[in-house]
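J.: What follows is a predicted protein model with its sequence.
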Amino acid sequence: MTWLDLYNLLHKKANDVHNLDSTLWSSQITVHDAPTGTEYSDCNILDIEGKTVLAYNYNNFDDEEH
């Protein structure tokens, strides 16, 4: 999945006037690891070494670095 794919998915959901799901837009982002079933809700978008990433457990990074 590219960032454009993610944007298009979110844009489509946001503009579906027949299904305005305000609960979805105000809920916490959760990353789900399919093989293990582990879920992480501590997510943020970071720039790591020039790459934009959706990271979980980002509290392990020094804020000054990212």
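T.: Cool, got the structure.
J.: for the chain, which helix is longest?
T.: Secondary structure of the chain per DSSP state H: the longest helix is helix 3-14.
J.: What is that one packed up against?
T.: Judged by 3 or more C-beta pairs under 8 Å, 6 or more residues apart in numbering; DSSP states H and E, helix 3-14 is in contact with no other helix or strand. Just so you know, the C-beta spots here come from the backbone N, C-alpha and C atoms, and that holds for glycine as well.
J.: chain center to the helix or strand following it: distance?
T.: Counting by DSSP states H and E, the next helix or strand C-terminal to helix 3-14 is helix 22-26. How far helix 22-26 lies from its chain's middle: 14 Å, per C-alpha atoms, centre = their mean, to the nearest Å.
J.: Render the CA-only coordinates of helix 22-26 in PDB, please.
T.: Output of helix 22-26 as PDB, limited to C-alpha atoms (Å, rounded to 0.1, in the frame of the first residue of the first chain):
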ATOM      1  CA  SER A  22     -18.100  10.200  13.000                       C
ATOM      2  CA  THR A  23     -17.100   7.400  15.400                       C
ATOM      3  CA  LEU A  24     -14.500   6.200  12.900                       C
ATOM      4  CA  TRP A  25     -12.900   9.700  12.500                       C
ATOM      5  CA  SER A  26     -12.700  10.300  16.200                       C
END
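J.: how far away is the residue of the chain positioned farthest from its centre from H11?
T.: Computed with C-alpha atoms, centre = their mean, the residue of the chain farthest from its C-alpha average is H18, at 23.9 Å. Computed as C-beta to C-beta, to the nearest Å, the H18 to H11 distance reads 15 Å.
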